[in-house]
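>>> Below is the structure, and that's it, no one-letter string:
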Ligand SMILES: [Ca+2]
Ligand SMILES: [Ca+2]
């Protein structure tokens, strides 16, 4: 939606048109269709600075639904998920895409970095910002994952975003198709963010469902999210990486659940780390 602002009141207009980072959400249909997509779009004139998602299920844990993509473009965030290629999922579920939108930032660019395209069990790739720019947001996607690939991490740092994915641990049959992972770094000149804040955790455990919260410094709000599964080894599905609504818009939460792969045994302890990209203004 375009903002129509009075030409004779530029200061008020500026304040009105720069309320800070805003969230825009879109949710897919809710049913048991195996593959779903939701696309959240920024208002005209704004750009995506970060992305988030939630897989919504009455089961809460979404054990057999796997994140396939959190694909960012300047205008939109496309979140996609697919039921397990082995078990499917009989429950109704949906996926919500969240676009964090802001006025255009100087030096804004999105860098895409594909992994190799083969059927290796594990693969990772890193998108590097051009020299002098900083990563402010993260995205990823999987090509030809077929409901088999488990996203293990989407980790931001000062000038890059790294992603990793696994085929399910010890699955039989194994996944034999060629697949590709893409890392995406949303980059900008270093002026409007202070980088990412990560949650801490006390211990790994074997809970079915685990979440962790990262909190921006006082006066700052979440402008992007990211996550890292530790010790998951392809046995844990990310089911959400999102932030709260005001007054909790300074908190990002990552949620993960033991996947259907635990049918093959899950004795490792694991946890999930949440990252919040925080806006200064
Ligand atoms: Ca289904
Ligand atoms: Ca394989």
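In hand now; what should we look at? As the structure is a computational prediction, the values presented were derived from the model and not from experiment. Ligands and ions are numbered 1, 2, ... in the order given.
>>> Quick check: the residue of the chain found nearest ligand 1 vs residue 183, distance?
In the chain, the residue that lies nearest ligand 1 is residue 32 (3.4 Å; C-beta to the ion). Just so you know, the C-beta spots here come from the backbone N, C-alpha and C atoms, and that holds for glycine as well. Distance, residue 32 to residue 183, by C-beta to C-beta, to the nearest Å: 31 Å.
>>> quick one: which of these two has more around it?
residue 183 (25 against 13; other C-beta atoms under 10 Å).
>>> Surely the more buried one forms part of a strand?
Yes - looking at residue 183 with DSSP: H, G, I helix; E, B strand; the rest coil, it is inside a strand.
>>> Hmm, it is touching residue 161, no?
Yes - contact criterion C-beta atoms under 8 Å: residue 183 and residue 161 qualify, at 5.2 Å.
>>> Identify the residue nearest the geometric centre of this protein.
In the chain, the C-alpha nearest the mean C-alpha coordinate belongs to residue 52, at 4.6 Å (C-alpha atoms, centre = their mean).
>>> How about stretch 119-128 and ligand 2, touching?
Yes - among the residues of stretch 119-128, residue 119 lie within reach of ligand 2 under C-beta under 5 Å from the ion.
>>> now that stretch, how far from the chain's geometric center?
Centroid separation between stretch 119-128 and its chain, computed with C-alpha atoms, centre = their mean, to the nearest Å, is 16 Å.
>>> Can you give the contact residues for it?
Contact partners of stretch 119-128, identified using C-beta atoms under 8 Å, 6 or more residues apart in numbering, comprise 111-116, 153, 159-167, 174-179, 181-185, 234.
>>> Just the buried ones from those?
111-113, 115, 153, 159-167, 175, 179, 181-185, 234 (16 or more other C-beta atoms under 10 Å).
>>> Quick check: nearest residue in space to the residue of the chain closest to ligand 1, chain neighbours excluded?
What sits nearest to residue 32 in space, not counting adjacent residues and going by C-beta to C-beta, 6 or more residues apart in numbering, is residue 92, at 5.4 Å.
>>> Next, work out how far apart that neighbour and ligand 2 are.
Remark: distance between residue 92 and ligand 2 (C-beta to the ion, to the nearest Å) = 30 Å.
>>> The residue in the stretch 51-200 of the chain that ligand 2 sits nearest to: neighbouring residues, count only.
Closest approach between the stretch 51-200 of the chain and ligand 2, counting by C-beta to the ion: residue 119, at 3.4 Å. For residue 119, the number of neighbouring residues by other C-beta under 10 Å comes to 14.
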